[in-house]
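Enquirer: Next comes the sequence, and after it the predicted model I'd like to discuss.
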Amino acid sequence: MSRLMHGEGSIQSDTVRLSTEQRKSLSPVSSPLPTTPSVDSTQAWIADAWRDAVAERLQPGERTLVALELDLDRRLRYGAGLLVLTDRALLARAPGEADWQRFPLRPDSRLELHDHAGAAALELFEADQRLAVWRFTLGGNPVAMRLLRRFDELRGRPAAAHVPADEPASQCDRCGADIPATAEECPQCEAELAVGPSSRTLFRLWRFARPYRGQLLAGFLLTLAATAATLVPPYLTMPLMDRVLIPYQNGAPLDTTLVGWLLSGLLASAVVAWGLGWARTYILALVSERIGADLRTATYDHLMHLSLQYFGGKRTGDLIARIGAETDRINLFLSLHLLDFATDLLVIIMTTAVLVSIDPWLALVTLLPLPFIVWLIHLVRDRLKHGFEKVDRIWGEVTNVLADTIPGIRVVKAFAQEKRESNRFREANRLNLTVNDRVNRVWSLFSPTVTLLTEVGLLIVWGFGIWLVTRDQVTVGVLTAFLAYISRFYTRLDSMSRFVSFMQKAAAGAKRIFDILDHVSSVPEATRPVALPQVSGRIELRNAGFRYGSRSVTRGVNLTIEPGEMIGLVGHSGSGKSTLVNLICRFYDVTEGAVLVDDIDVRSVPVAAYRRSIGLVLQEPFLFFGTIADNIAYGKPEATRAEVIAAARAAHAHEFILRLPHGYDSLVGERGQALSGGERQRISIARALLIDPRILILDEATSSVDTQTEKEIQRALDNLVAGRTTIAIAHRLSTLRRANRLVVLDRGQVVEVGGHDELMAREGAYFRLYQAQARNVDTEESLPDWGAQTPHPVRVASKV
């Protein structure tokens, strides 16, 4: 859908005489609008192609307020139209119509907004008479909400009279959160971007480190001992200079015994530091790897228990990047950078103590650059905090392109879109490069600045130390030791300053991981679960309703299915058939009413225990990479080979499996690409047969195969449905003749229930569906009043 906006911009026409006030209402607005504009201060943004047409129909002084582009005609085919609210009237040109209509705003005028299953409509009434109806896809719903509010304001009614303040208008495509009708952007995403990753997030990793606190304590003690060992050599240089080298230079005999002891001490300290450092690094590396593995496992486990609603708002590549790249980054931080930081911190603390013990004034001069470095670290950290999170998000977009393109490579090649996908990846990679350049611009200035400050500090120590030597306040040996310690001090300080970059990267990764771990499933486990007895298969939907964001998908559904009964769900696309099945499977929870199995509310039963009693055969069967036997036994991994073969025989799959090179041990390829569509479907049926479910869901199981394959699948389905409560969805109504009852859905409600002959005799909704399908036409009479079904794909008109 083309861009829909309001509030900035205007209409300009060189051919129409307009008043000064009117031209102001149509001219571009350079300054941002206030948060709550008055009616007179808001103008509609209107696309260039509509400007002249709208301007010609405005009266002198009339101002445009909100413009909504219409993209569905009265038969729900795509088209281009426009609805404009002014301060005096509604101007409209519906898709497929050449004439404009003008509806003056009267005291008894009212607008009503309806939406369902991807389509929405605005209806204009005067008193009880409907004057017009305009249709559009749900992408225009936020603008329609604003138009409705402004219309109510003009009519003197409270704003958002038809939309409760807490009712969501749409769902965020990135995070899946509800966007209120009064909000321009997703509040959750805006809050995340505004706050940014905090370094405190890293402390939440302690829950994963707690099981290894013994090893961590040992690693800390080894670090302390290794750091102490590295501080011994500079201390030994004082007697080496003052008691050996300088006296020898002045003519005194060389004390070989003392030299031997001092050199042995230097060698021993080096060997001890090496051994302790090796042990420390090895232990902490093992711990960090286990923390990283536990973090990945916990995140994946939590992800598996989230509802389908969560996955509907996420990109596959982004989730893969979080579990893969982000946990690797955290693991590297814990095993390397955090260890280096701890060592640097201990060296600085212990070195400072040694320096103060040697000469307090010289130590004070050494610490002069420290406050400037700390201030610089604080300044850069704030800038890097948001930068690294943006880097992570953009990298997720790069991964998303790969996750989209590689599984769909056949479609890419079939439509010769290799260049287009390469351009998509190049653009995502360019954005990644741009964001990284911004971060590197800050970091490249920070690191040399710290180095410069440390060099200046070293220069100050040299100057002050030489002055002290000339005053005989310190010896040359003391100054030499001091300079050795200072060199280590500033080297560690420089290394510690670089730690801020690694810490912010790890914090950004930890935040994205905890975004998953903190998400609560919309299909929660019962706090006091009820044990599910042997399921007989009786299903009852009691006044069941479901809303997806602001969309009312089903409402007021009352239906009882007896054990062993086969029910066929029929209706237009978007009528709520799949939603009803999702509610029964508890992929989603009802927002009103209840779903009961054997008179038990499914929300009170453990999710896994309940779903084990349900077999599912989808329109597009999904097979995992592995052998045919593994895929058949997916729902029952402990199944014997004999049970797998028996299920395959019942699904009429045994014969074609034996024709494969390795039989049941043949690899099916990624997503089953090595098999035909009919073969994949029969494997899916065998998979459902093996778990012996009491409730069976068939979702368009034969819609995408040829007639001969459909017959073979139908024979397999006959074995599958025997003695089970079965709910079947099919667009081919002829495939549902064996159903005990047919349930006809329209706009999320049950409109008819009965057998085929009974419903045909009524000549109602089912009769019209059947006749339309038999004649292969889509008559006007078969459509709902304002169009709830998916737009008819006859043609796609160019959008304005």
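Expert: Arrived safely, thanks for sending.
Enquirer: Check Leu85 and give its pLDDT.
Expert: Turning to Leu85, the model gives it a pLDDT of 91.
Enquirer: same thing with Asn543?
Expert: Looking at Asn543, its pLDDT reads 90.
Enquirer: can you pull out the strands in the stretch 251-400 of the chain?
Expert: For the stretch 251-400 of the chain, strands defined by DSSP state E, counting those that start in this stretch do not occur.
Enquirer: So for the helix or strand where Asp152 lies, mean pLDDT?
Expert: Assigned by DSSP states H and E, Asp152 belongs to helix 141-154. If you average the pLDDT over helix 141-154, you get 85.
Enquirer: by contact count, what packs against it?
Expert: strand 64-72, strand 78-86, strand 109-116, strand 119-126, strand 168-171 (3 or more CB pairs under 8 Å, 6 or more residues apart in numbering; DSSP states H and E). To be clear about C-beta, it is placed using only N, CA and C from the backbone, and glycine gets the same treatment.
Enquirer: which helices and strands sit right next to the third one?
Expert: By that I understand strand 109-116. Using 3+ CB pairs under 8 Å, 6+ apart, strand 109-116 sits against strand 119-126, helix 141-154, strand 551-561.
Enquirer: Please identify the deepest-packed of these.
Expert: helix 141-154 (a mean of 21; mean count of other CB atoms under 10 Å).
Enquirer: Please save the CA atoms from it in PDB.
Expert: Below are the C-alpha coordinates for helix 141-154, written out as PDB (Å, rounded to 0.1, in the frame of the first residue of the first chain):
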ATOM      1  CA  ASN A 141      -6.100   1.500   9.700                       C
ATOM      2  CA  PRO A 142      -4.000   4.000  11.800                       C
ATOM      3  CA  VAL A 143      -4.800   6.800   9.300                       C
ATOM      4  CA  ALA A 144      -8.500   5.800   9.400                       C
ATOM      5  CA  MET A 145      -8.400   6.000  13.200                       C
ATOM      6  CA  ARG A 146      -7.100   9.500  13.000                       C
ATOM      7  CA  LEU A 147      -9.700  10.500  10.400                       C
ATOM      8  CA  LEU A 148     -12.400   9.100  12.700                       C
ATOM      9  CA  ARG A 149     -11.100  11.100  15.700                       C
ATOM     10  CA  ARG A 150     -10.900  14.300  13.700                       C
ATOM     11  CA  PHE A 151     -14.400  13.700  12.400                       C
ATOM     12  CA  ASP A 152     -15.700  13.300  15.900                       C
ATOM     13  CA  GLU A 153     -13.900  16.500  17.000                       C
ATOM     14  CA  LEU A 154     -15.600  18.400  14.200                       C
END
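Enquirer: Of the helices and strands packed on strand 109-116, give the one that comes closest to Ala92.
Expert: strand 119-126 (8.6 Å; CB to CB).
Enquirer: and the helix or strand just after that closest one, how far out from the chain's middle?
Expert: Downstream of strand 119-126, the first helix or strand assigned by DSSP H and E is strand 129-137. Its chain's average C-alpha position is 35 Å from that of strand 129-137, according to CA atoms, centre = their mean, to the nearest Å.
Enquirer: So which residues make contact with strand 129-137?
Expert: 1, 68-74, 76, 81, 83, 92, 94, 101, 103, 118-125, 144, 786-787, 791 (CB atoms under 8 Å, 6 or more residues apart in numbering).
Enquirer: Am I right that Val751 sits in a helix?
Expert: No. Applying DSSP: H, G, I helix; E, B strand; the rest coil, one finds Val751 to be strand, outside a helix.
Enquirer: any idea how far it is from Leu541?
Expert: 15 Å (CB to CB, to the nearest Å).
Enquirer: Arg512 now?
Expert: Applying CB to CB to Arg512 and Leu541 gives a distance of 38 Å.
Enquirer: So between these two, which is more surrounded?
Expert: Using other CB atoms under 10 Å as the criterion, Arg512 and Leu541 rank with Arg512 on top: 26 against 22.
Enquirer: That one in helix, strand or coil?
Expert: Using three-state DSSP, the structure places Arg512 in helix.
Enquirer: Does it touch Glu326 like I think?
Expert: Yes. Applying CB atoms under 8 Å as the test, Arg512 and Glu326 come out as touching, 5.4 Å apart.
Enquirer: Quick check, central residue of the chain?
Expert: Lys314 (3.1 Å; CA atoms, centre = their mean).
Enquirer: That one and Ile561, how far apart?
Expert: 33 Å.
Enquirer: now the helices: where do they sit in the stretch 501-650 of the chain?
Expert: Assigned by DSSP state H, counting those that start in this stretch, the stretch 501-650 of the chain shows helices spanning 577-584, 607-611, 628-632, 641-650.
Enquirer: now the ones you listed as a markdown table including distance to Leu263, mean pLDDT and mean neighbour count?
Expert: Formatted as a markdown table, the helices of the stretch 501-650 of the chain follow (distance: least, CB to CB, whole Å; pLDDT from 0 to 100; neighbours: other CB atoms under 10 Å):
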| stretch | distance to Leu263 | mean pLDDT | mean neighbour count |
| --- | --- | --- | --- |
| helix 577-584 | 78 | 87 | 22 |
| helix 607-611 | 69 | 85 | 16 |
| helix 628-632 | 66 | 89 | 23 |
| helix 641-650 | 72 | 88 | 18 |
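Enquirer: Tell me which of the ones you listed sits nearest to Ala273.
Expert: Of all these, helix 628-632 comes closest under CB to CB, at 52.5 Å.
Enquirer: what helices or strands is the closest one leaning on?
Expert: Using 3+ CB pairs under 8 Å, 6+ apart, the elements in contact with helix 628-632 are helix 641-650, helix 677-690.
Enquirer: Now with 10 Å, please.
Expert: Helices and strands touching helix 628-632, by 3 or more CB pairs under 10 Å, 6 or more residues apart in numbering; DSSP states H and E, are helix 641-650, helix 654-658, helix 677-690.
Enquirer: Flag the shaky bits of the stretch 351-500 of the chain, pLDDT-wise.
Expert: Where the stretch 351-500 of the chain drops to pLDDT under 70, the residues are 381-389, 392, 407, 410-411, 413-415, 443, 447, 494, 497-498.
Enquirer: same question, the stretch 51-200 of the chain
Expert: In the stretch 51-200 of the chain, residues with pLDDT under 70: 116-118, 157-199.
Enquirer: one more time with 90
Expert: Applying pLDDT under 90 to the stretch 51-200 of the chain flags residues 51-67, 69, 71-81, 87-88, 94-99, 105-123, 125-131, 135-200.
Enquirer: What residues does the closest residue in space to Glu643 that isn't next to it in sequence make contact with?
Expert: The shortest distance from Glu643 to any residue other than its chain neighbours is 6.3 Å, reached at Leu690 (CB to CB, 6 or more residues apart in numbering). The contact partners of Leu690, by CB atoms under 10 Å, 6 or more residues apart in numbering, come to 615, 632-636, 639, 643-644, 646-648, 650-651.
Enquirer: in this structure, which helix has the most residues?
Expert: For the chain, the longest helix by residue count, based on DSSP state H, is helix 418-470.
Enquirer: which strands and helices sit next to it?
Expert: Applying 3+ CB pairs under 10 Å, 6+ apart, one finds that helix 418-470 contacts helix 360-366, helix 370-405, helix 409-414, helix 476-517.
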